[in-house]
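Student: A structural model of the following input is requested.
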Amino acid sequence: MTTTTTMTTIVSRVQVVSYLHGKSVIHRDIKPRNITYDLQKQRAVLIDYDIALYFGPSEDDPEGKPPTGEVGTRGYKAPELDAVTPYDTFADIWSLGISLAEIVGFLFPLLFFFCPVDSVEIAHPSAHSLQ
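Tutor: Numbering: from 1, shown residues only. Below you'll find the predicted structure:
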């Protein structure tokens with residue numbers, strides 16, 4: 001992947017997450033497998049909204065209390081998603097950062113350091129030589 005292509009991909013992924021957060025939605029499972037790319041429109045598309053969550057005031061929660069609970073994919077989810085700690089859109093930013101670092105090849109070995117090998121989703125092409 002060329003530097004220009006990599007930067008275009010990164011910017012597009014940041015834009016799609018920013019758009020989602022602007023609509024008051026936390027995805028809660030951002031990882032490379034859940035971000036595809038529309039070649040015709042030249043933009044990233046975030047998929048798999050099974051555990052996405054609207055945040056903010058609603059009829060059921062007029063105060064808009066921050067969510068808690070254990071969700072997401074190990075190796076990509078923010079630490080607060082493993083606890084009863086309230087979280088917000090920054091949890092998605094954490095996951096996006098890990099995903100972007102993986103795209104440019106910086107983080108893949110760190111996933112094995114922080115997580116047991118059997119719990120990491122292998123999405124990096126060089127992973128096959130490690131198995």
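Student: give me the residues contacting the lengthiest helix in the chain.
Tutor: As assigned by DSSP state H, the longest helix anywhere in the chain is helix 3-22. Applying Cβ atoms under 8 Å, 6 or more residues apart in numbering, the external contacts of helix 3-22 come out as 1, 26-27, 30, 35, 37, 42-46, 89, 92-93, 96, 99-100, 103-104. From N, CA and C alone the C-beta is placed, and that goes for glycine too.
Student: same thing with stretch 83-97?
Tutor: 13-14, 17, 20-21, 26-31, 55, 65-70, 72, 76-81.
Student: try it again with 10 Å
Tutor: Stretch 83-97 is contacted from outside by 10, 13-14, 16-18, 20-22, 24-31, 34-35, 46, 52, 55-56, 65-73, 75-81, 107, using Cβ atoms under 10 Å, 6 or more residues apart in numbering.
Student: give me the neighbour count for the spatially closest residue to Ser24 that is not a sequence neighbour.
Tutor: Spatially, and ignoring its direct neighbours in sequence, Ser24 is nearest to Gly56 (4.4 Å; Cβ to Cβ, 6 or more residues apart in numbering). Neighbourhood size, Gly56 [other Cβ atoms under 10 Å]: 13.
Student: and Gly56, what does it touch?
Tutor: Counting by Cβ under 10 Å, 6+ apart, Gly56 touches 23-25, 63-66, 88.
Student: picking up where we left off before, can you flag which of the contacts of stretch 83-97 belong to helices?
Tutor: Using DSSP H, these in helices are 10, 13-14, 16-18, 20-22.
Student: which of the residues you listed count as buried?
Tutor: 10, 13, 16-17, 20-21 (16 or more other Cβ atoms under 10 Å).
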